[in-house]
Structures are given as C-alpha cells and as structure tokens.
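>>> Got a predicted structure here, sequence first:
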There are 2 protein chains.
Amino acid sequence: MQGEIAVPDDHEPAASPADSHGARTRRSRETVLDATAVLLVERGFGGTTVDEVSRRSGVAKTTIYRHWPTRGDLLRDAGSRLHTPLSTPDTGTAGADLRELVDELARALTRADWPHVLPSVIDAAEREPAIAEMYAGLQSGFATPFVTVIERAVARGEFRPDLDVATLVAALTGPLFYRRWFSREPLDAEFLARLVDLNCRYARG
Amino acid sequence: MQGEIAVPDDHEPAASPADSHGARTRRSRETVLDATAVLLVERGFGGTTVDEVSRRSGVAKTTIYRHWPTRGDLLRDAGSRLHTPLSTPDTGTAGADLRELVDELARALTRADWPHVLPSVIDAAEREPAIAEMYAGLQSGFATPFVTVIERAVARGEFRPDLDVATLVAALTGPLFYRRWFSREPLDAEFLARLVDLNCRYARG
C-alpha cells in the first residue's frame, strides 16, 4: 500500500510559461479524468475514491473538488467516457449495415476495458439516480446507430412499415449484452450471423 | 448506526429441548443465509460484511465462520439463492410454452428482489472466479427451461432440425435482461409477444 503523498493545494501539471490558465485547467481536468478511468477499470465504481485518484494523478484533492464538488460528480463525468463510439454504416442494405454494427459492438464488448466496469455502473445506477441518468446517456450511444440504420431500412421499404424499432434494437443488441455478462458464452461470427439473420427475416415481414 | 452486539461464541437460535444438534445447526445456517440475502438486496455484494450479517442475524461471527470459512464462501452460498425458479411449461405448442416462460422471467425481473442485486454479483464475477462459478449456476437455472422447451419443439418437428438452441435462448432471454438493466425500458406484454413471435418465426424455418 502506497503512503499518502503531500501535494500542494494549488498543484496543476507542469506548464510552459506560454500556457494560459485555461489550458492548464483543462489539462488538469483531463489528467484527473484519465486517472479516474484507469481506477474504474481496476476497481469498479465502488472501489474508486478521490484519495486514490489524487495519488495516481498527482493532482491535489482540493483541486479535484474545485472541478467536481462531490465524488459522485467525478465518477459521473469519468463514467460517461466508458464506451466505444459506434459508427453508423450505410452499405445500402440493412442486413449488411446491421452485421457491421453488431460486429463492432461485439468487438468492443470483447476487447475494450469499459465492459469490465459496466456492471459496477449498472449496480450503482440501481441505487443512485444521478448515475442512472449518466448511464442512460451511454446506453443511448449504443442504441442510436441501430435506430438510424433500422429507420432508414423502413423508410426505403426494405423493412416492414409497422416494425417496432425499439423491439428490434433490444432483439439485436440484448443477446450480445447477455452473452458478455450473463451467460458468458462467446460472441463468435456464427452467433452474430444467426442473430442478424433471425432479426432481419422478421423485420422484412 | 447500530452498535456492536456482544453475542456468545457458541450462540445458536433458541431451541426446544427436543431439538437435535443437527436441527439447530441447520436453523442457524438458514438464519445467517436469510440475513445475508436481505443485506445483499439492501447493499449489494460489495456492501455485505460478516460483521453486519452477525449483527442482523444475532449469530456470532465465530459461528458464521465455522459454517463458511471466508466471507466469499458465505456470499457465494447466499448468492446462489438469488433467483426465481422458472417452471417448464408443456402446453403442446412451442409458441405458447415460450410465451409462458418469457412472461414468467419478465415478472421475476420486474418484481423480485434479486434483480437489484444481480449487477453487483456480475461485477464481482468479473474479478472473482469463485463468484463467476456460482453465477454460472444461477444462469443455467434461467436457461434450462428454455433449452428443454426448444429441444422438445425440435424433437416433434415444430422447430427446424438445424436450429442452434443456444442462439435461440440468447435471442429470447437476452432482450429481457437488456431492457431490465441496460436500456431500462418496460417489459410490457406487447414487447414480450413481439419477441416470442420474432424468435418462433425463425425457429420454424
């Protein structure tokens, strides 16, 4: 266990004389958010303290609290970076677009750091409305490209006009989330292909 | 905050003279497991300590540690009760069987206590192999009735013979888990009907 490091009250990362105060402040915020993200991945939401963020980042606690009045504010801000932005493919057919999207989401779920942390965010969201609100933003980041692709397919007549888009988004993405965290089965190419096929057959009507 | 209550080392819940030692031991274990389950629902996995289980149950810590050598053993044992056993319907058609199963799972996810705790179990499973193993047992409890119903439908020719059963289980149950914890959308009757329809159309070939 590392000892407490004394850090001056007004400490900010080293700056060149030309640096504006605004640039130093921005860099200090980034340093803190990066350190918080690393801690979140290592220890989850519950195990991430402002003390440890201060130790890891070398930024004084008083400075951290100047940027984020509470630990919850800091965790919410750092937590909102826990995702992989998905592209919005436009190949011309919904099947190919959805296959690309599902592959991209599967790669992120399998290889990125944030899926390790997400259950602790979901757990915190069960108890804390502010975290639930932050998580809703992450969630809509996953869902939006799917909604766009599906609505486009409905608009050009490839998918049936009475399709419930929210059901199809849940039916396409839910099984990936389920396999990653609940059943812990592989997100292999055969599974992803069958899942897109299953959903597209229904969506075509 | 309640103070520490002194409990005699060999304390067991009150017993009638006719009680065998075995019956007292079983009752003491049940008392501890019940108190642990209540704490898990209130505080999640991370917030459940042996100290607090001892306070709530009135069973001495030394007795608790006689039954479960580590906190992890106790949490694993109590955690394995965090589920609602699903029935295995047999109405004669796969569509009706799956609709019943999906409705039952949706009711449990919406109304039972354990769904509040599950994200903290999933979080612990990311870090602790023993918890991951315990959770695998819970997960197979959710999946087994679906597997039985689907295999029966394949055997009687209602579902196609080349159906990948594991994909269909993920495609049927994953969207429920997804809506309960990730998108936080309702598990309403229309959604469940569409989900079963979508999957049955594919499974019939």
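Noted; the coordinates are in hand.
>>> use CA for all of it now, contacts and neighbours both
Noted.
>>> what does chain A put close to chain B?
Counting by C-alpha under 8 Å from any C-alpha of the partner chain, the residues of chain A close to chain B are A:44, A:46, A:116-120, A:122-123, A:126, A:136, A:139-140, A:167, A:170-179, A:181-183, A:191, A:194-195, A:198-199, A:201-202.
>>> Please flag which of those sit within helices.
Among these, the members found in helices (DSSP state H) are A:116-120, A:122-123, A:126, A:136, A:139-140, A:167, A:170-177, A:191, A:194-195, A:198-199, A:201-202.
>>> thinking again about what came up before, give me the buried subset of the residues of chain A next to chain B.
Buried by 16 or more other C-alpha atoms under 10 Å in any protein chain shown: A:44, A:116-120, A:122-123, A:126, A:136, A:167, A:170-179, A:181-183, A:191, A:194-195, A:198-199, A:202, out of the residues of chain A next to chain B.
>>> Tell me where chain A has helices.
With DSSP H as the criterion, chain A has helices spanning A:21-43, A:50-57, A:61-67, A:71-79, A:94-111, A:114-127, A:129-155, A:165-177, A:189-204.
>>> and the spatially closest residue to A:G137 that is not a sequence neighbour, how many neighbours?
Leaving out its chain neighbours, the residue that sits closest to A:G137 by C-alpha to C-alpha, 6 or more residues apart in numbering or on different chains is A:S80, at 7.5 Å. A:S80 sits with 16 neighbouring residues when counted by other C-alpha atoms under 10 Å in any protein chain shown.
>>> cool, the one 5 residues further on as well?
With neighbours defined by other C-alpha under 10 Å, the count for A:P85 comes to 14.
>>> ok, now A:A125?
21.
>>> So it is in contact with A:A136, correct?
No. Assessed by C-alpha atoms under 8 Å, A:A125 is found out of contact with A:A136, at 9.4 Å.
>>> Please determine how far the residue lying closest to A:R184 once chain neighbours are set aside is located from A:P145.
Distances taken as C-alpha to C-alpha, 6+ apart place A:Y178 nearest to A:R184, at 7.7 Å, with adjacent residues excluded. For A:Y178, the distance to A:P145 (C-alpha to C-alpha, to the nearest Å) stands at 19 Å.
>>> ok, so what distance separates the closest residue to A:A143 other than its chain neighbours from A:F191?
With sequence-adjacent residues excluded and distances taken as C-alpha to C-alpha, 6+ apart, A:A143 is closest to A:V169, at 6.9 Å. Taking C-alpha to C-alpha as the criterion, A:V169 is separated from A:F191 by 17 Å.
>>> so the least confident helix or strand in chain A by mean pLDDT versus helix A:21-43, what angle?
When each helix and strand of chain A is scored by mean pLDDT, DSSP states H and E, helix A:114-127 comes last, with a mean of 87. Relative orientation of helix A:114-127 versus helix A:21-43 (axes from the mean of the first three to the mean of the last three C-alpha atoms, to 10 degrees): 90 degrees.
>>> Need phi/psi at the most centrally placed residue in chain A.
Nearest to the geometric centre of chain A sits A:H83, at 2.2 Å (C-alpha atoms, centre = their mean). When read as degrees, to the nearest 10, the backbone of A:H83 gives phi -160, psi 170.
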